[in-house]
Each structure stands twice: as C-alpha cells, then as structure tokens.
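Trainee: Sequence and computational prediction follow.
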Amino acid sequence: MAKLTLNQMMLLGGIGTIVIIFLAMMNWRRAVYAAMVAALFEGAIRKWIFPQGSELVYFLKDIILLGAYIKFYMFPDPDIRAYRLKIPTTLIIVVCVTLVVTGALNPNLGSLLMAGYGLKIYLWYFPLAFMVPMLFRSEEEMTKMLFRYTLFAIPICLLGAAQFVAGPGSWLNVYAESAFAQMKTVATFGSALQQTVRITGTFSFISGHATFIQFFFVLALGLLTGIADKRRLVIMFGVLPLIVANGLMAGSRGAVFSMMLIGAAVGSVSSVSRLGKTKGSFIFLAMGAAAVALGIFVFFEKAYTAFETRRATTGDTTMGRVMYPITSVLAASKEVDIAGFGIGTSHPATMAMRSALGIPQPKKSCPLYDSETGQVLGELGWPGFIMWYALRLMIVFHCWDAFRRSPPSLFKSLALGIFCFQVLLLPSSMVLNHTANLFACAGWGFCLIPRLESLVNRRVGQAVGRRSFNAPSGRHHPA
C-alpha cells in the first residue's frame, strides 16, 4: 500500500478531526469512555491496521477529548452546572502560566507550533481530571464501567502472551512506525535469551504497555477488595495473573516492582482495616496472590525465568535506579540557569517533527538525562520545574485525602491504589509517556470525587442556616 504524503495526511486528519469532534460533542461521557478505550488500542491500530497513518492515530484520543472538552466546558449540561468542584484553582493557574512563560515562550524554541506541542505534552489531559468526578451518575454505574474497563486487560494480556511465544521475527512483534520516531529492532531479553522478545501488547512501545500493567493492576486490586459478588472471581483468576505475567514478559522491572509495592501497601491496609463494604478483603487478596503465583509457575514459568535473568544480569542496581531522578536533576542544574531550553525540546518526537514539517531546530538542544526529572528541569528551568512538581505533589495529596476521607467502599479501595500509583509515578516518566499522563490525570480525577459539592443543596442549606455537601437525588457518589 502506498504511503500517504504529508499533505494527504493533513487533509485526512483535518476531515477526521472535524467529524470526531462533532461526534464527541454529542455525548461527552461516551467520548471520555471512547478516549480511554482508544488509549488502549491506538498502538495496535498504528502497528497493524493503519501504519501509514500512524501520526494521525497517535492523536486520536486527544481529538476525542477535544470534543468532550468543548462540550463540557463551553456548553455544559444542566446537571453539570449544579455542581462545583473544590480544587486549588490559584495553584493550577500559576503552574499553567509558569509553563507558558518559562517553557512555551522560551526564545530557544523558535516556533509557536512546537511551543503548543510542548504544552500539549504536559497539560492536555489535565482538563480530563475535572470531568471525571461527574462522569459517573451513581456508584452502581461507576462499578459497572470500571469492571468493564478492567476486562480489556484480558485480550490485551493474551496478545502479550502470544507475542512472547512468537519471537522477535513475528509480525506480532513490531513497534509503531512513525515519520517522527522510527525503531526497527524490537527489544529482547539479552544475548542468552535473544529469541525471547519483550512484549508491547497493543501499545506502540514497551513503556506504554508497562504503564498499562501498573494502572490496571491498581484497578484489579481495587475491584478485588471493593466489590462483593462473583465478579471478584474474574479478577482473581483471570485479570490479575495475566497482568502480572505480562509484567514479567515485558521485562519491565519498574512495572513488576511497582506491582509488588502496591500489592504490599493494599494488603497491609486491608489486614488492619476494612477497604470494601464487606469483610474479608485481606482473604481475597491472599487468594489473588495465590492465583497469581500458581498461574506464573504453571503457565508462565518461561516468562519468570526470562525476567529473573534480565534482573540478575543488568548492570544497574536498585539503589542506582532509585538515585537516577536525583542525579538527573543535579546534572541538569549544571546546564540550566533560571530558564531552560524550552518546553518539549527533549521529547523524542520533536526534532523529527521539525524535520518533517520544515521547522528549524532549536538554537540549543536540550541534553538527555537518565530520568524525566532532569528533562523537566532542562526544558522548563527552575521556576517551571518547581511549579510542575508542586502540582504533582498536590495530586498525590488529593489521592491520599480521598482515601482518608472515604468510608469502606470500592471508591476507598481504588483511591488507595491510585495514591500508590501516583507516588511511584513522581520520579518516573509522565511527560515523556503519554499513556502514563492520561492514566495519572484520570486517576486524579477519580480521587477528586469527594471534592464535588452540590450548589443546589448548598443554596438550600444557606437559606436555612446550614451547608450540605450531599449529592442530589440521581447522583450517589460513594464518598
């Protein structure tokens, strides 16, 4: 099939963008669901279905969300107007202004288009967080949708298992082609196991699949401890073993160790207090751990062996990886003064985008560091770096506060897992990993539900000398 020219892609993308935005505006809730599903399968479309339009598919979920943003923020439904979300608006505005002033307006960029793309990398999914608290009309709807979303892990992880068996020469094991970033050789587990591929599932690269594994592990644990019906069995014997096995087959030490830490945190809390509405959460967690162990050593022993070999033979150490964020900041501090090199300048796609679109390269290239913390400092300088991580810490606090304030429920259980996910993501890649950015903002939005107050009830309460933060009839948030 002939490869599309840049002009053809832009024409096709423009027409598709208009149609998708219009459809998304018709129902913003369905549009958000569609964007979250698209994030899971965009890599598969880019790799196998429409590789010649890889760049267009990359922006699919972003375009869907654009339509949802327009509808939600510019033409809100009456039920949306009846609520107010209590968030630190001043801090958020200061962060956005700082990123624009110190990052997007940096003279080193030399392009407003690239400045806009840099802002997109950092901030595009943040409006989603303020929509999620109003996404679910009831606790029952929330439980149903989260369970159905978690079930997508089964086909994705089964594909991962097929990739692991197929080997690096198979058509199943390819990365997404792109004019902006081309990678032809798939990663393997090393010379001793060079025929064993590190899987990517439906994602474009390993990093996206690793993030998916961590986030869906959180969802699975939350459902396992938060619901009290037969759906627990599907999570226990289907989703959890496949997710952990995929972590091993991806060879991602960060994903596997993150699952271990999150599992230990949730297990420790459930052993001393109740997470879900019914007792016995710890027992189900123990049964889930047993199912995972049985699945690995019966069905995925080769994956465990490959992962252990990689862990034992890799040159870096656990302490070294823990120190990477700090050493990266120290290294970047020697290269930047107050201002950095410009927002987005260290993103892998930006230089290739400049070449493809005929945009001159920046006057000074941003050096590459071992961790994203150094990249953020290099791009934004000290003011942007401080404000960006102040925002990230605020997100962590909101997730902890949601867990602390909530009674035993599915919501409380998920809030604990999302809090752990956000803490572990702090020193990891979020700006350079759009999948992590999307999941982090969606998870933050879920934990903002306790901060949603009804303006209708509030006005009535003020009229009689009291305040009410209860949701009106028809909306029953668990917090």
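Mentor: Arrived safely, thanks for sending. Numbering: from 1, shown residues only.
Trainee: separation between Leu151 and Arg231?
Mentor: Using C-beta to C-beta, to the nearest Å, Leu151 is found at 9 Å from Arg231. C-betas here are computed from N, CA, C, even on glycine.
Trainee: ditto for Gly340
Mentor: 48 Å.
Trainee: Any regions of this structure where pLDDT drops low?
Mentor: Scanning the chain for pLDDT under 70 picks out 1-4, 6, 177-184, 191-194, 317-319, 456-479.
Trainee: coming back round to it: which of Gly340 and Arg231 has more neighbours?
Mentor: Gly340 (28 against 16; other C-beta atoms under 10 Å).
Trainee: Backbone dihedrals for that one, please?
Mentor: Reported as degrees, to the nearest 10, the phi and psi values for Gly340 are phi -100, psi -160.
Trainee: Would you map the helices across the stretch 51-200 of the chain?
Mentor: Secondary structure of the stretch 51-200 of the chain (DSSP state H, counting those that start in this stretch): helices at 54-58, 60-69, 78-81, 89-98, 112-123, 126-129, 139-150, 153-166.
Trainee: Include mean neighbour count and distance to Ala250 when you put these into CSV, please.
Mentor: Converted to CSV, these look like this (neighbours: other C-beta atoms under 10 Å; distance: least, C-beta to C-beta, whole Å):
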stretch, mean neighbour count, distance to Ala250
helix 54-58, 21, 21
helix 60-69, 23, 21
helix 78-81, 10, 39
helix 89-98, 14, 32
helix 112-123, 18, 23
helix 126-129, 20, 26
helix 139-150, 16, 18
helix 153-166, 19, 7
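Trainee: do you know which of those helices lies nearest Ile45?
Mentor: Go through those one by one with C-beta to C-beta and the one that ends up closest to Ile45 is helix 54-58, at 4.8 Å.
Trainee: For the closest one, enumerate the helices and strands it packs against.
Mentor: Applying 3 or more C-beta pairs under 8 Å, 6 or more residues apart in numbering; DSSP states H and E, we find helix 54-58 packed against helix 6-26.
Trainee: need the next SSE after the helix it packs on, C-terminal direction.
Mentor: helix 28-44 (DSSP states H and E).
Trainee: Return the distance of that following helix from the chain's centre.
Mentor: The chain centroid and the centroid of helix 28-44 are separated by 12 Å, computed with C-alpha atoms, centre = their mean, to the nearest Å.
Trainee: List the buried residues in it.
Mentor: Across helix 28-44, burial judged by 16 or more other C-beta atoms under 10 Å covers 28-29, 31-36, 38-44.
Trainee: now the angle between helix 153-166 and that helix, please.
Mentor: Per axes from the mean of the first three to the mean of the last three C-alpha atoms, to 10 degrees, the angle that helix 28-44 makes with helix 153-166 is 0 degrees.
Trainee: other SSEs contacting helix 28-44?
Mentor: For helix 28-44, the packing partners by 3+ C-beta pairs under 8 Å, 6+ apart are helix 6-26, helix 60-69, helix 139-150, helix 434-446.
Trainee: which helices and strands does the shortest one pack with?
Mentor: Same thing as helix 60-69. With contacts defined as 3+ C-beta pairs under 8 Å, 6+ apart, helix 60-69 has these neighbours: helix 6-26, helix 28-44, helix 126-129.
Trainee: Try it again at 7 Å.
Mentor: helix 6-26, helix 28-44 (3 or more C-beta pairs under 7 Å, 6 or more residues apart in numbering; DSSP states H and E).
Trainee: With distance to Ser54 as added columns, please give the helices and strands packed on helix 28-44 in a markdown table.
Mentor: What follows is the helices and strands packed on helix 28-44, written out as a markdown table (distance: least, C-beta to C-beta, whole Å):
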| stretch | distance to Ser54 |
| --- | --- |
| helix 6-26 | 10 |
| helix 60-69 | 11 |
| helix 139-150 | 25 |
| helix 434-446 | 14 |
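Trainee: Minimum distance to Arg392: which of those has it?
Mentor: Taking C-beta to C-beta, helix 434-446 is the member of the helices and strands packed on helix 28-44 nearest to Arg392, at 8.7 Å.
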